[in-house]
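Peer 1: Sequence first, predicted model second:
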Amino acid sequence: MSTGTRPSDKQLQARKAQSEADRKGEGKARAKKLQSEADSAAVTKHGD
């Protein structure tokens with residue numbers, strides 16, 4: 001994430017899913033998938 005930019009909605013969803021997975025011990029595969037999608041979107045968006 002660049003300085004001064006807000007995380008994307010995908011990044012926020014991924015962060016929330018990861019937090020829930022860490023607390024509950026379930027949903028880790030979903031959290032990993034969301035994080036991967038968010039990371040891919042960030043690379044595409046900022047890779048210009």
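Peer 2: Great, that's in hand. Numbering: from 1, shown residues only.
Peer 1: ranges for the helices of the protein?
Peer 2: Using DSSP state H, the helices found in the chain span residues 9-24, 28-46.
Peer 1: least reliable of these going by mean pLDDT?
Peer 2: Note on the helices of the chain: helix 28-46 shows the lowest mean pLDDT, a mean of 84.
Peer 1: Check which residues of it are buried.
Peer 2: Residues of helix 28-46 classed as buried by neighbour count (16 or more other Cβ atoms under 10 Å): 31, 34-35, 38, 42. Where C-beta positions appear, they are placed from N, C-alpha and C, glycine not excepted.
Peer 1: does Q13 really touch K33, like I thought?
Peer 2: No. Using Cβ atoms under 8 Å, Q13 is not in contact with K33; the gap is 10.7 Å.
Peer 1: what does stretch 17-35 contact?
Peer 2: Applying Cβ atoms under 8 Å, 6 or more residues apart in numbering, the external contacts of stretch 17-35 come out as 10, 13-14.
Peer 1: centre of the chain versus it, how much separation?
Peer 2: 10 Å (Cα atoms, centre = their mean, to the nearest Å).
Peer 1: Endpoint to endpoint, that stretch covers what distance?
Peer 2: Separation of the first and last residues of stretch 17-35 by Cα to Cα, to the nearest Å is 9 Å.
Peer 1: ditto for stretch 22-29
Peer 2: First-to-last residue span, stretch 22-29, Cα to Cα: 11 Å.
Peer 1: pLDDT score for G4?
Peer 2: G4 carries a pLDDT value of 58.
Peer 1: G27 now?
Peer 2: For G27, pLDDT reads 94.
Peer 1: hmm, back to that, farthest pair within the buried residues of helix 28-46?
Peer 2: Maximum pairwise distance in these, criterion Cβ to Cβ, is 16.3 Å, between A31 and A42.
Peer 1: Quick check: the gap between K28 and A17.
Peer 2: 9 Å (Cβ to Cβ, to the nearest Å).
Peer 1: and K32, how far is that from D22?
Peer 2: Going from K32 to D22 by Cβ to Cβ gives 12 Å.
Peer 1: next one: S8
Peer 2: Distance from S8 to D22, by Cβ to Cβ: 21 Å.
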